[in-house]
Every structure is written in structure tokens, then in C-alpha cells.
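> have a look; sequence and predicted model below, questions after that.
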Amino acid sequence: MKQLSMFSLLLCCALAQPLHSQDLAMATQNIRSAYDALSRKDWNAFATYCAPNYTDQNVGPAPTAGIQAAIGLYQQFAAGFPDFKVVPSEIVPAGPRRYFVRVTVSGTNTGSFMMLPPTGKSIWFEDTDIVELDNNGKCVSHAISRPGEPLRQIGYGSMALPSTQVVMAVYEKFGRGDVPGVLSLCDDQVQFDIQDRMFDTQARMFNGKAAVGQFFQELGSKFQYSKFQPLRFVADGEDVFILIDAEYTLAASGKKYASTYTHHFKVVNGKVTFFRGVDDFQQLK
């Protein structure tokens, strides 16, 4: 009922806007076609309804600019929920080229989502999206009202916290080898406390972005990861704790190992200010 009431309020506000039936019909058709393409995972078709500067405002931890970057984000969601559907029911204008879209989102978490193991749980919820179009009827912006709901329904509610979202963005960039991207999410005075017996025989502290960048260079020269899977997240305010299941080859010996890492991040004002990585256990594979 809360979601219905919110949409009803938005609808009342929208009715005050002047309507042009031809423009409204074109916008409605384009919006419905874009959602249909998403549900069919037809990414090429979806792109035809979007402007090149299309931006998703809040599906990820930060706005995702560019149609291909946004599609990459949606493909991650599709991998976690292969049967997902997002179906629009009502579309109402909310100003020049701006529309409220009431949608139903459903799917089953049978694949890895945001690097998290699947839970097999299903999601179903109603959302109110905000879609903006350009003069040609192409979508330039999309925002949702319940970004954390899929995570909550599959049992990873703490993942929706802003601090956890930043940490997940760090892991996503690390997985792609994007060290500058990782550093962009760190405070200038960030500290990395590394307590890993396979990395070094003694604990080491890296202070500041430049030193942390050197840490990643050294890590890349010593380890070749074949698995890096976050298993469990616990978030409390600025602090995020994660268990990591990792498998890697040690470059110096060529031997393969499996380890369980414990990671502790502190996130302040959207930036990582502290990280501690502890190697709890390593086993020769």
C-alpha cells in the first residue's frame, strides 16, 4: 500500500502538467519498448531507445554514464537473475520530457550477483522509476526509488548500505584490474594494513594513494588470482567486514593456493579511508 500511495501522489502532481497527446504517445511507446528490450535481454534493441549520454542514476553505487556502461550494469543483474522481468504498468508525465513509470520487478537469484553467491530466492516488488527523454524521444536518464530491494529480498540487505556499495565498487574495479578506478574510490590519506603471510613475512602499512598504488603493483607481481569470491558481508555504519574465498598462483614458485581472507574497510563520505586485509588460512592446492 505504501508504494501505491506514493505513485498516487506522483500521479496527482503529474496531472497538473500540460499534455500533448502525440508527444505523450511517442514517449509512452518508446519507454515501454525500452523496458520490453530489457526484459528480453536484447541489449542492442535497448540501446536504440537511449541517447549516447544515457545515465543510470542509482542502480549502481554511483551514477553510471554512457549507454554501454549502463548495459554492462544491467547484464550483471541479468547474470544474477536470468529470468528477471521489469514490466511497466502506468506511465505519467511529470514535466517536460520527464515521466514517472510504475513497474513490477521479478526474478530468481540463481546466478552470481555483485560477486555474491546465489541464494535461490525470488524477488518481486513494485517500483516507481523516473525516466527523462531528449527532444528526439531518446532516454537520457533513469532512476529508481527502491535500489536496495533486490538485495534485501535475497538476504543481502546490508549490501544496500552506501558504505557497502562503495566496497563492492572497489571489488568490481579490482576484478577488472582497474587500479586507477580503485584509487579513485579512496581518500587521499587512505591507509592499507596488509597482514598476509603469502604477500610478505611481516605486516606492512601503505599510507596514501601513491603507496596503495604501489601495493597493487606488488600484489600483481606476486599473485595470479583464479578465484576471488566475497562470501559474507557485515556492515555497521562506516565499517564493512567481508570474508573472501580466494584461489591463486604464487608467481615465485608457480604453486597454487587457496586462502580465506578477512577484509575490513572503513568508508567515510563515500571514500575508503582504511583497509585491513588478513590472510586467515592458506592451503596448497
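Noted; the coordinates are in hand.
> which parts of the protein are helices?
Counting by DSSP state H, the chain forms helices over residues 2-14, 21-39, 43-48, 67-80, 149-153, 162-175, 179-184, 209-222, given from the N-terminal end onward.
> I'd like those as JSON lines, with mean neighbour count appended.
Quick note: C-beta positions are derived from backbone N, CA and C, even for glycine. Rendered in JSON lines, the data for the helices of the chain read as follows (neighbours: other CB atoms under 10 Å):
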{"stretch": "helix 2-14", "mean neighbour count": "13"}
{"stretch": "helix 21-39", "mean neighbour count": "16"}
{"stretch": "helix 43-48", "mean neighbour count": "16"}
{"stretch": "helix 67-80", "mean neighbour count": "17"}
{"stretch": "helix 149-153", "mean neighbour count": "20"}
{"stretch": "helix 162-175", "mean neighbour count": "20"}
{"stretch": "helix 179-184", "mean neighbour count": "16"}
{"stretch": "helix 209-222", "mean neighbour count": "15"}
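> can you add mean pLDDT and distance to residue 259 and give the ones you listed back as CSV?
Compiled in CSV, the helices of the chain are given as follows (pLDDT from 0 to 100; distance: least, CB to CB, whole Å):
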stretch, mean pLDDT, distance to residue 259
helix 2-14, 46, 44
helix 21-39, 88, 38
helix 43-48, 96, 36
helix 67-80, 91, 25
helix 149-153, 89, 26
helix 162-175, 88, 16
helix 179-184, 95, 20
helix 209-222, 95, 13
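> tally of neighbours for the nearest residue to residue 266 once chain neighbours are set aside?
Closest residue to residue 266 apart from its sequence neighbours, by CB to CB, 6 or more residues apart in numbering: residue 274 at 4.0 Å. Each residue near residue 274 was counted by other CB atoms under 10 Å, and the total is 18.
> what segments of the stretch 101-250 of the chain are strands?
122-133, 139-143, 186-195, 204-207, 223-236, 239-250 (DSSP state E, counting those that start in this stretch).
> quick one on the thing from earlier: out of the helices of the chain, which is closest to residue 97?
Closest to residue 97 of the helices of the chain, according to CB to CB: helix 21-39, at 7.4 Å.
> low pLDDT regions in the stretch 101-250 of the chain?
Scanning the stretch 101-250 of the chain for pLDDT under 70 picks out no residues.
> rerun at 80
Segments of the stretch 101-250 of the chain classed as low confidence (criterion: pLDDT under 80) are 114-116, 157-160, 231-232.
> tell me, how many residues neighbour residue 276?
Residues near residue 276, counting by other CB under 10 Å, number 17.
> against residue 221, how distant is it?
In this structure, residue 276 lies at 22 Å from residue 221, with CB to CB, to the nearest Å as the measure.
> returning to what we had before: deepest in the core, which of the strands of the stretch 101-250 of the chain is it.
Compared across the strands of the stretch 101-250 of the chain, strand 139-143 shows the largest average neighbour count, a mean of 20 (mean count of other CB atoms under 10 Å).
> so that strand versus helix 21-39, what angle?
With axes from the mean of the first three to the mean of the last three CA atoms, to 10 degrees as the criterion, the two stretches strand 139-143 and helix 21-39 enclose an angle of 60 degrees.
> about what we covered before: surely the residue nearest to residue 266 touches residue 205?
No: counting by CB atoms under 8 Å, residue 274 does not reach residue 205; the two are 10.4 Å apart.
> tell me the residues that contact both of those two, please.
191, 193 (CB atoms under 8 Å, 6 or more residues apart in numbering).
> phi first, then psi, for residue 95.
Dihedral angles phi and psi of residue 95 (degrees, to the nearest 10) take the values phi 130, psi 180.
> returning to what we had before: and of the strands of the stretch 101-250 of the chain, who's closest to residue 268?
Shortest distance between residue 268 and these, using CB to CB, is found for strand 186-195: 7.0 Å.
> tilt between the closest one and helix 209-222?
With the same axes, to 10 degrees as the criterion, the two stretches strand 186-195 and helix 209-222 enclose an angle of 50 degrees.
> sheet-wise, list the partners of strand 186-195 with their directions.
On the basis of DSSP bridges, the sheet neighbours of strand 186-195 come out as strand 204-207 (antiparallel), strand 271-284 (parallel).
> mean pLDDT lowest where, among those?
Note on the strands paired with strand 186-195: lowest mean pLDDT is at strand 271-284, with a mean of 85.
> distance of residue 233 from residue 221?
29 Å.
> let me fix that, I meant to ask about residue 185.
23 Å.
> residue 209 too?
Noted for residue 209: a distance of 19 Å to residue 221, by CB to CB.
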